[in-house]
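Peer 1: need a structure here:
(4 chains)
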2 protein chains.
Amino acid sequence: MPATNSPADLTPVERTPIRARTSDRVYDQLATAIRDLRLPPGAALSETELAMRLHVSRTPLREALARLAENGLVTVVPQVGTRVALISLDDVVQAQFVREHLEVAAFSFACGRPERDVSALRETLVEQELAHAKHDVDGFFAADEAFHELIFATSGYPGAWRAMQSVKVQLDRLRRLSLPEADTVAELITEHTTIVDALESGDTSTGVDWLRRHTRRVLEYGPELRGSHPEVFAP
Amino acid sequence: MPATNSPADLTPVERTPIRARTSDRVYDQLATAIRDLRLPPGAALSETELAMRLHVSRTPLREALARLAENGLVTVVPQVGTRVALISLDDVVQAQFVREHLEVAAFSFACGRPERDVSALRETLVEQELAHAKHDVDGFFAADEAFHELIFATSGYPGAWRAMQSVKVQLDRLRRLSLPEADTVAELITEHTTIVDALESGDTSTGVDWLRRHTRRVLEYGPELRGSHPEVFAP
DNA sequence: GAACGGATACTTGCATACAAGTGCACGTCC
DNA sequence: GGACGTGCACTTGTATGCAAGTATCCGTTC
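Peer 2: Got it, this is the predicted structure:
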């Protein structure tokens, strides 16, 4: 980069790189695999082996792993090995605290907006019903994700949702672990519906109450899941 | 790593690497330099030049840059260049939302704890007074940082503080930019004292009110600082 | 003089080779 | 048979070389 800072340099023009960076692609692949538990907590991740399987060099792979470690998805011990981060129940409690208070605040702001529109939220409810009927776990998770993101978008603070993503992974893995066992999907959809109704009618109090109950479910899952799947939990 | 997963492998023993990783050291150096505005927003960061100055290879430097980009401290445009991220007022608003609601929630929980102890908080108040008397900006910032971290620690949710760090950088840079101009340090200390008093007496309502006012100060700084330092702000 | 076009110096991205360290396993000794 | 020590295979960390792309500068042309 030249020493002279011409104004054009600072222009944050939206660039669309012809070829996406290998590092980013690898990061997305690994991150989604970890969230979906296809890479279970505690699984060993050898750099050379992963590089072979993904047909990339170790350099972009290592940069992806560095970012994953930054977000707490993997733990790397120098000269020893890299593993998918175990689920720490303490981290889950901390993450739930963040999630509950940010989402409650976002919901309150959304209720205060006269121009709020719940049509997109209701669409995700339909998607959730469909996914539930088809026993499509991945589809339900995606619709659930879109639902909660829309609450933040409606509030005018989508950045809070983005800021929460790194801690929310811990909650997502626990929920993903719980869904096949418990038949609570119908209850989740009912709660979602109640929350949307409260948002539409501007009933902040009711919406906040249900949102708290909704986000605290993950705290109930923890102990029992630790009993049935002890190998994925940290002591 | 061997295929057999012996129990010892999973033991999350606290390892103290003999020699800290170059990548981590570089990350800390750059991150603190960016927070302290020694690397001002918009500054060009050439990989080869940085590698020369820090006496490291490009590989660990690039991993540090990848983590910095993940946390939004630098923006990297492929094949063009890497720059210290500009301060986005929209990001500041989003970050303030996160910070206010998490810290208010943490304060409320801390007030509800009968075993709460404000002695450490009062110590940081003394440090703040001392730094203010000596016109030690860095010292005040460190004491201020310790103050707010202690609120989260007292609440029992230190993880919320850690989760907030990445977004808080945007606020820190703006505050650092404001401190030399305005003579509001005395007011900040007064507000801190009021908050500690409220925590000690269990006056949640008063503490929350002042905490909100306190965390919203950064929103006032924004527009005027954008006028005096337009080159560090994003459009 | 102004506008266009190409060489050039710079940037980041990727691949590979080497270095340092760790833990397991096997062989040896008691 | 059991305990100990050494070698080996594996891990991650770092350095370097090459490749691809971009913006600028300068010469040419109209």
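Peer 1: helices and strands of chain A: which one bottoms out on pLDDT?
Peer 2: helix A:7-10 (a mean of 34; mean pLDDT, DSSP states H and E).
Peer 1: hmm, whatever helix or strand comes next after that helix in reach of chain B?
Peer 2: Downstream of helix A:7-10, the next assigned helix or strand under DSSP states H and E is helix A:22-35. Yes. Counting by CB under 8 Å from any CB of the partner chain, chain B has neighbours in helix A:22-35: residue A:23. Using the backbone N, CA and C atoms, a C-beta is placed for each residue, glycine as well.
Peer 1: select the longest helix from chain A.
Peer 2: Ranked by residue count and defined by DSSP state H, the top helix of chain A is helix A:204-228.
Peer 1: and the contacts of that one?
Peer 2: Under the criterion CB atoms under 8 Å, 6 or more residues apart in numbering or on different chains, residues A:89, A:92-93, A:96, A:99-100, A:103-104, A:107-108, A:111-112, A:171, A:174-175, A:177-178, A:181-182, A:184, A:188, A:191-192, A:194-195, A:198-199, A:233 lie in contact with helix A:204-228.
Peer 1: narrow the residues you listed to just the buried residues.
Peer 2: When those are checked for burial by 16 or more other CB atoms under 10 Å in any protein chain shown, the buried set is A:89, A:92-93, A:96, A:99-100, A:103-104, A:107-108, A:111, A:171, A:174-175, A:177-178, A:184, A:188, A:191-192, A:194-195, A:198-199, A:233.
Peer 1: ok, the nearest residue to residue A:40 once chain neighbours are set aside - contacts?
Peer 2: Taking CB to CB, 6 or more residues apart in numbering or on different chains, and ignoring the residues beside it in sequence, residue A:40 has residue A:232 as its nearest neighbour in space, at 5.9 Å. Residues in contact with residue A:232 (CB under 8 Å, 6+ apart) are A:40-42, A:86-87, A:177.
Peer 1: could you restrict the buried ones among the contacts of helix A:204-228 to the ones contacting chain B?
Peer 2: By CB under 8 Å from any CB, the members of the buried ones among the contacts of helix A:204-228 lying near chain B are residue A:93.
Peer 1: out of the buried ones among the contacts of helix A:204-228, which touch DNA strand C?
Peer 2: When contact is defined as CB under 7 Å from any atom of the strand, these do not meet DNA strand C at all.
Peer 1: tell me the SS of residue A:72?
Peer 2: Secondary structure for residue A:72, judged by DSSP: H, G, I helix; E, B strand; the rest coil, is coil.
Peer 1: do a quick rundown of the strands in chain A.
Peer 2: A:74-77, A:81-84 (DSSP state E).
Peer 1: for the ones you listed, which one sits closest to residue B:34?
Peer 2: Proximity to residue B:34, assessed across the strands of chain A by CB to CB, is greatest for strand A:74-77 (23.8 Å).
Peer 1: show me what the closest one is packed up against.
Peer 2: Using 3 or more CB pairs under 8 Å, 6 or more residues apart in numbering or on different chains; DSSP states H and E, the elements in contact with strand A:74-77 are helix A:58-70, strand A:81-84.
Peer 1: and these as a markdown table, adding mean neighbour count?
Peer 2: What follows is the helices and strands packed on strand A:74-77, written out as a markdown table (neighbours: other CB atoms under 10 Å in any protein chain shown):
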| stretch | mean neighbour count |
| --- | --- |
| helix A:58-70 | 21 |
| strand A:81-84 | 20 |
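Peer 1: can you lay out the ones you listed as a markdown table showing mean pLDDT?
Peer 2: Converted to a markdown table, the helices and strands packed on strand A:74-77 look like this (pLDDT from 0 to 100):
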| stretch | mean pLDDT |
| --- | --- |
| helix A:58-70 | 98 |
| strand A:81-84 | 98 |
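Peer 1: quick one: residue A:232 from residue A:226, how far?
Peer 2: Note on residue A:232: its distance to residue A:226, by CB to CB, to the nearest Å, is 9 Å.
Peer 1: again, but for residue A:100
Peer 2: 21 Å.
Peer 1: identify the residues contacting the residue lying closest to residue A:143 once chain neighbours are set aside.
Peer 2: Using CB to CB, 6+ apart and skipping the chain neighbours, the partner closest in space to residue A:143 is residue A:127 (3.9 Å). Counting by CB under 8 Å, 6+ apart, residue A:127 touches A:139, A:142-143, A:146.
Peer 1: tell me the pLDDT of residue A:127.
Peer 2: With respect to pLDDT, residue A:127 has a value of 97.
Peer 1: and if you look at residue A:183?
Peer 2: At residue A:183, pLDDT is 74.
Peer 1: what's around it, how many residues?
Peer 2: Using other CB atoms under 10 Å in any protein chain shown, residue A:183 has 8 other residues around it.
Peer 1: any idea how far it is from DNA strand D?
Peer 2: From residue A:183 over to DNA strand D the distance is 39 Å, taken as CB to the nearest atom of the strand, to the nearest Å.
Peer 1: report the residue ranges of every domain in chain A.
Peer 2: Residue ranges for each domain of chain A read A:22-84, A:89-232, as given by automatic domain parsing.
Peer 1: adding distance to residue B:203, write these out as CSV.
Peer 2: Compiled in CSV, these are given as follows (distance: least, CB to CB, whole Å):
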stretch, distance to residue B:203
domain A:22-84, 36
domain A:89-232, 20
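Peer 1: nearest to residue B:53, out of the ones you listed?
Peer 2: domain A:22-84 (21.0 Å).
Peer 1: show me which residues of chain A sit near DNA strand C.
Peer 2: Applying CB under 7 Å from any atom of the strand, one finds that chain A approaches DNA strand C through A:1-2, A:21-23, A:56-60, A:63, A:79-80.
Peer 1: farthest pair within those residues?
Peer 2: A:2 and A:80, at 43.5 Å, using CB to CB across the residues of chain A next to DNA strand C.
Peer 1: quick one: which of those two has more around it?
Peer 2: Each of residue A:2 and residue A:80 has its neighbours counted (other CB under 10 Å); residue A:80 has more, 12 against 8.
Peer 1: pLDDT wise, what is the more buried one at?
Peer 2: pLDDT, residue A:80: 96.
Peer 1: quick one on the thing from earlier: distance to residue A:216 for the helices and strands packed on strand A:74-77 - can I get that in CSV?
Peer 2: Below are the helices and strands packed on strand A:74-77 laid out as CSV (distance: least, CB to CB, whole Å):
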stretch, distance to residue A:216
helix A:58-70, 28
strand A:81-84, 26
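Peer 1: mind checking those for the one nearest to residue A:156?
Peer 2: The closest of the helices and strands packed on strand A:74-77 to residue A:156 is helix A:58-70. By CB to CB, the value is 28.0 Å.
Peer 1: okay, the closest one in PDB with CA atoms only?
Peer 2: The C-alpha trace of helix A:58-70 is given here as PDB (Å, rounded to 0.1, in the frame of the first residue of the first chain):
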ATOM      1  CA  ARG A  58      -2.700 -26.000   6.400                       C
ATOM      2  CA  THR A  59      -2.300 -22.200   6.200                       C
ATOM      3  CA  PRO A  60      -6.000 -21.200   5.500                       C
ATOM      4  CA  LEU A  61      -7.100 -24.000   7.800                       C
ATOM      5  CA  ARG A  62      -5.100 -22.700  10.600                       C
ATOM      6  CA  GLU A  63      -6.500 -19.200  10.200                       C
ATOM      7  CA  ALA A  64     -10.000 -20.700  10.300                       C
ATOM      8  CA  LEU A  65      -9.100 -22.600  13.500                       C
ATOM      9  CA  ALA A  66      -7.700 -19.400  15.000                       C
ATOM     10  CA  ARG A  67     -11.000 -17.700  14.500                       C
ATOM     11  CA  LEU A  68     -12.900 -20.700  15.800                       C
ATOM     12  CA  ALA A  69     -10.700 -20.700  18.900                       C
ATOM     13  CA  GLU A  70     -11.300 -16.900  19.300                       C
END
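Peer 1: I appreciate the help and will end here.
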